[in-house]
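Asker: I would like the atomic coordinates for the input below:
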Amino acid sequence: MKRFFLIAAAALVAFAGCKQPTSEEVLAGFQSDIAALEDEYTASAQQIRDDATLDAAQRVEKMEALQDDILGRIIDTGRKLLDKYYADTLVAPAVLREVGDFMEEDELTALFAKLPESVKADKYIARMIESNTARQSTAVGNKFVDFTVDHVAGVDKKTGNPVYEKKSLSDFVGKGKVMLVDFWSPWCPPCKAEIPNIKAIWEKYHGDDFDVLSVAVWEESRKMDWHNTIDTAAFYGMKWLQLNNGHQEPAALYGIEGIPHMILFDKDGTILKRGDDLRGEKTAKAVAEVLGR
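Answerer: Numbers count the residues shown, from 1 in each chain. Next up, the predicted model:
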């Protein structure tokens, strides 16, 4: 009998030791891990900035390597949790908020396919799924998806009211020219930072076989409207083709999560490059390669 109780007690201890953490505990652990990695990044970045032996180029290189390392470890941490807790209505949405934007589309598609409806019901997850589907349908190699906006073509001199004109992407794309389309907004500093690059490309290449179109989106998200778009475009010398008053639909159709976001279309409207492949110096290089000059 004594032996039986000893075995039973050992089993209870083992069971207690194997108790699964609650969703709240798992999420708290994840948040703690992320905070630790962010602290590590801050400390390491300061060491790089303080290292007098580094020149500017070396410092940039080390900072980029540090960012890639920390971000990679954050993604790996989230990926491991999602493998185990993808059906958890608390953990899965919270983890995806942290790492979802950095995961590859194919990986996200496979993950979304196995999510239970209870997790898909989360508003953030539902938006992620919709956006990922849009990006897949407008991925490189696919034809453009059309949209129409109430473009403000001018102002009525008597009333001061805007004069609207229905304009579609198909009025410009798929018409026999290579088109660089820039999705931007007048409140967006990174968008404005890209304008000199776009201007240089347009001035060098626009003509019978190439042009640039800027599409203003999300203006209302910062309580701005077509006035700001038109004024900002004029101030920055954006003399190329414009579509303003775009609001939500253009970005949603292309699964755009952040701006500026550029897409390079071939003469027949096929998507050649998009997103991170068209930022800074990479944009001019991509256009030159497509045009062969």
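
Asker: contacts only, for residue 170.
Answerer: Applying CB atoms under 8 Å, 6 or more residues apart in numbering to residue 170 gives the contacts 144, 146, 269. (Each C-beta comes from the backbone N, C-alpha and C, glycine too.)

Asker: quick one: it and residue 180, what's the gap?
Answerer: Distance from residue 170 to residue 180, counting by CB to CB, to the nearest Å: 16 Å.

Asker: so where do the strands sit in the stretch 151-293 of the chain?
Answerer: Ranges of strands within the stretch 151-293 of the chain are 162-168, 178-184, 210-216, 241-243, 261-265, 271-274, based on DSSP state E, counting those that start in this stretch.

Asker: and the chain, what are its domain boundaries?
Answerer: Domain ranges of the chain: 21-137, 148-291, per automatic domain parsing.

Asker: ok so, going back, residue 127: which of the strands of the stretch 151-293 of the chain is closest?
Answerer: strand 261-265 (16.6 Å; CB to CB).

Asker: I'd like the mean pLDDT over the closest one, please.
Answerer: Strand 261-265 shows a mean pLDDT of 98.

Asker: hang on, the earlier thing: mean neighbour count, the domains of the chain: which tops it?
Answerer: The highest average neighbour count among the domains of the chain, using mean count of other CB atoms under 10 Å, belongs to domain 148-291 at a mean of 17.

Asker: how far is the helix of greatest length in the chain from where the chain is centred?
Answerer: Assignment by DSSP state H gives helix 56-85 as the longest helix of the chain. In terms of CA atoms, centre = their mean, to the nearest Å, the centre of helix 56-85 is found 17 Å from the chain centre.

Asker: which secondary structure elements does that helix contact?
Answerer: Packed against helix 56-85 by the contact rule (3 or more CB pairs under 8 Å, 6 or more residues apart in numbering; DSSP states H and E) you find helix 23-50, helix 91-99.

Asker: mind putting the ones you listed in a markdown table, distance to residue 221 and mean pLDDT included?
Answerer: Putting the helices and strands packed on helix 56-85 into a markdown table (distance: least, CB to CB, whole Å; pLDDT from 0 to 100) gives the following:
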| stretch | distance to residue 221 | mean pLDDT |
| --- | --- | --- |
| helix 23-50 | 27 | 95 |
| helix 91-99 | 19 | 94 |
